[in-house]
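Asks: How does the following fold in three dimensions:
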Amino acid sequence: MTRTACAPASTVLSIDVEKAMSGSLIATELVDFVRANQGRAPLVYSSSRPEQVTALQEKYSREAVARKLDSLFADAAKRLFDAGVRRIVVGGGETSGAVVSALGVTSFRIGPEIDSGVPVLVSEDGVKLGMALKSGNFGAIDFFEKALDAISGVSV
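Replies: Numbering: from 1, shown residues only. The predicted structure follows:
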């Protein structure tokens, strides 16, 4: 992972996938980290070097790892939303879907474009939430910083 100006080392939490798979890393730890760093663009991620990803997928299966991480991020997003967080940026197509489902959002208004192919999304079903959802192949290196700025400029 390349760190951007919006994510100094102190505001970045790398998920230990082994701990997530064993159940010793739970969503409340992610929530605690994000809440402790609110206003400082905290970033929680689970990506790793290709050889590490392959080893974990061989050990647990690709589907099991994806299911566990999607569930972990979805649970954390729901808890953050319930605690009052109204700007959420999610990277990863399947993870984005899991988060949106966990939040119960059924309809979005498409806002301004953050990067090519990735707009600001504003919930339209009473949930009052601004989001950016991107798959792995969209967005520039400073995408997350730009997404938070773009979402903050939209009324939710």
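Asks: For the rest of this, base every contact and every neighbour count on C-alpha atoms.
Replies: Noted.
Asks: Now do the strands in the protein.
Replies: Ranges of strands within the chain are 12-14, 43-45, 87-91, 108-115, 118-123, 130-134, based on DSSP state E.
Asks: For the fourth one, output the C-alpha coordinates as CSV.
Replies: Translated: strand 108-115. Taking only C-alpha atoms (Å, rounded to 0.1, in the frame of the first residue of the first chain), the coordinates of strand 108-115 have been written out as CSV:
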residue,chain,number,x,y,z
PHE,A,108,-28.4,7.0,-3.7
ARG,A,109,-28.4,10.4,-5.4
ILE,A,110,-25.3,10.6,-7.6
GLY,A,111,-23.2,13.7,-6.8
PRO,A,112,-20.0,15.2,-8.2
GLU,A,113,-17.3,12.9,-9.7
ILE,A,114,-14.3,12.4,-7.4
ASP,A,115,-12.2,10.6,-9.9
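Asks: one step back: looking at the strands of the chain, which is nearest to Ala98?
Replies: When the strands of the chain are ranked by proximity to Ala98, the top entry is strand 87-91, at 10.1 Å, counting by Cα to Cα.
Asks: in that closest one, what counts as buried?
Replies: Of the residues in strand 87-91, those buried by neighbour count under the rule 16 or more other Cα atoms under 10 Å are 87-91.
Asks: Turn the residues you listed into a markdown table, including distance to Val44.
Replies: Output for the buried residues of strand 87-91, formatted as a markdown table (distance: Cα to Cα, whole Å):
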| residue | distance to Val44 |
| --- | --- |
| Arg87 | 14 |
| Ile88 | 11 |
| Val89 | 10 |
| Val90 | 10 |
| Gly91 | 10 |
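Asks: now, among these, which is nearest to Phe33?
Replies: For Phe33, the closest of the buried residues of strand 87-91 turns out to be Ile88, at 14.5 Å, with distances computed as Cα to Cα.
Asks: Give me the pLDDT for the closest one.
Replies: The model reports Ile88 with a pLDDT of 95.
Asks: so what's it closest to, chain neighbours aside?
Replies: When the adjacent residues along the chain are set aside, Ile88 lies closest to Met131, with 5.0 Å between them (Cα to Cα, 6 or more residues apart in numbering).
Asks: Might one say that the one you found is in contact with Glu124?
Replies: No: in this structure, Met131 is not within contact of Glu124 by Cα atoms under 8 Å, at 11.7 Å.
Asks: More neighbours: those two, which one.
Replies: Taking other Cα atoms under 10 Å, Met131 and Glu124 do not tie; Met131 has more neighbours (26 against 16).
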